[in-house]
Each structure stands twice: as structure tokens, then as C-alpha cells.
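Student: Using only what follows, build the 3D model:
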Amino acid sequence: MSQQSETGLWRGALIPASVIAILSIALGAIIRGSNGLWGALLASATVILYFSVHLFISKISTNLDPMATMALAMFSYFAKVILMGALLLVVTKTTSPETVDRPTFAISALAITAAWLAGEIRAFLNLRVTLPLPQTKGSNPSTATDLKSGE
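Tutor: Below is the predicted model of the structure:
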């Protein structure tokens with residue numbers, strides 16, 4: 001994908017995720033008070049940051065060979081899983097439930113994740129990316145067009 005495609009995917013995913021993040025922050029503050037506000041804020045920052053990293057890795061690996069791209073994708077995936085576990089452990093151990101509301105964090109994170117993924121899928125479907133088909137050994141592109149035209 002091109003740099004423009006990655007930017008389009010990011011923008012297409014960020015807009016709905018940001019709307020849901022703002023709604024979850026407002027609802028968390030109204031329903032659960034300041035601890036709900038902090039839970040929703042932490043969930044918003046976490047989800048948007050982690051999904052943005054995925055698109056950034058995709059953007060920088062555009063010109064790499066497929067094996068390097070796969071290695072980079074797997075490394076970023078495992079790094080994000082480990083960092084997410086560390087973040088949740090730190091938040092659990094260093095904050096009290098009166099400071100960061102756990103259910104608000106969980107519900108907000110799930111809602112923002114769903115909005116991000118829906119926005120990214122919608123943006124991808126609107127990109128109309130054309131991928132070149134690989135040529136098989138012995139195939140000639142001009143022969144394929146001759147066969148289609150009936151010559």
C-alpha cells in the first residue's frame with residue numbers, strides 16, 4: 001500500500017474512534033464521576049496509541065521484502081501484547097479502583113476498539129487498492145489479453 005493509503009486508513013479509523021472516545025469519556029464522567037473519567041481517558045489513549053502503532057509499522061514496512069515485513073509485524077504484535085500486559089499490571093498495582101474505574105476502562109476500550117476496526121474496514125473498502133497479480137512461470141501477459149479478446 002502507498003503512504004497515502006496508510007494515511008487514509010488512519011484517518012478513516014481515527015475519526016470514529018475519536019467520536020466514541022469522547023462519548024465514553026463524557027459518559028464515564030457523568031455515570032461514574034472522576035474515576036470513570038480517568039478510566040475512559042486511559043482506555044482512549046491506550047487504544048488509539050496501540051492501533052496507530054500498527055498502521056505506523058505498516059507504513060514504514062511498505063518497501064521491505066515480505067519476510068522482513070512479516071518479522072516486523074510479528075515483533076510489533078508481541079511487543080504490543082507484552083506492553084499492554086505491563087500497562088494493565090502497572091495500572092492495577094499503582095492505582096486504586098477509586099482513581100481509575102476498571103469497568104469504565106474495559107467498556108470504553110471495547111467500544112473504541114470496535115469503532116476503530118469498523119472505521120479502518122470502511123476506509124479500506126473505500127481505498128480501491130489494486131494489487132498486481134503475480135506472473136506464473138511461462139505465462140505471458142500479452143497471451144492472456146489475446147485469449148480474452150478471442151484472437
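Student: How much space separates the residue nearest the centre of the chain from Ala45?
Tutor: For the chain, the residue sitting closest to the mean C-alpha position, by C-alpha atoms, centre = their mean, is Phe51 at 3.3 Å. Using C-beta to C-beta, to the nearest Å, one gets 11 Å for the distance from Phe51 to Ala45. For glycine as for every other residue, the C-beta is placed from the backbone atoms N, C-alpha and C.
Student: repeat for Asn63
Tutor: 30 Å.
Student: In which helix or strand does Glu6 reside?
Tutor: helix 3-32 (DSSP states H and E).
Student: same for that helix, what does it pack against?
Tutor: helix 34-60, helix 102-127 (3 or more C-beta pairs under 8 Å, 6 or more residues apart in numbering; DSSP states H and E).
Student: Can I get those helices in JSON lines including mean pLDDT?
Tutor: Converted to JSON lines, the helices and strands packed on helix 3-32 look like this (pLDDT from 0 to 100):
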{"stretch": "helix 34-60", "mean pLDDT": "89"}
{"stretch": "helix 102-127", "mean pLDDT": "92"}
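Student: could you dump those helices to JSON lines with distance to Ser96?
Tutor: As requested, the helices and strands packed on helix 3-32 are arranged in JSON lines below (distance: least, C-beta to C-beta, whole Å):
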{"stretch": "helix 34-60", "distance to Ser96": "9"}
{"stretch": "helix 102-127", "distance to Ser96": "10"}
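Student: out of those helices, nearest to Leu27?
Tutor: helix 34-60 (7.4 Å; C-beta to C-beta).
Student: Please name every helix or strand in contact with the closest one.
Tutor: Where contact means 3+ C-beta pairs under 8 Å, 6+ apart, helix 34-60 is packed against helix 3-32, helix 66-94, helix 102-127.
Student: could you check the angle helix 3-32 makes with it?
Tutor: Computed by axes from the mean of the first three to the mean of the last three C-alpha atoms, to 10 degrees, the angle separating helix 34-60 from helix 3-32 equals 170 degrees.
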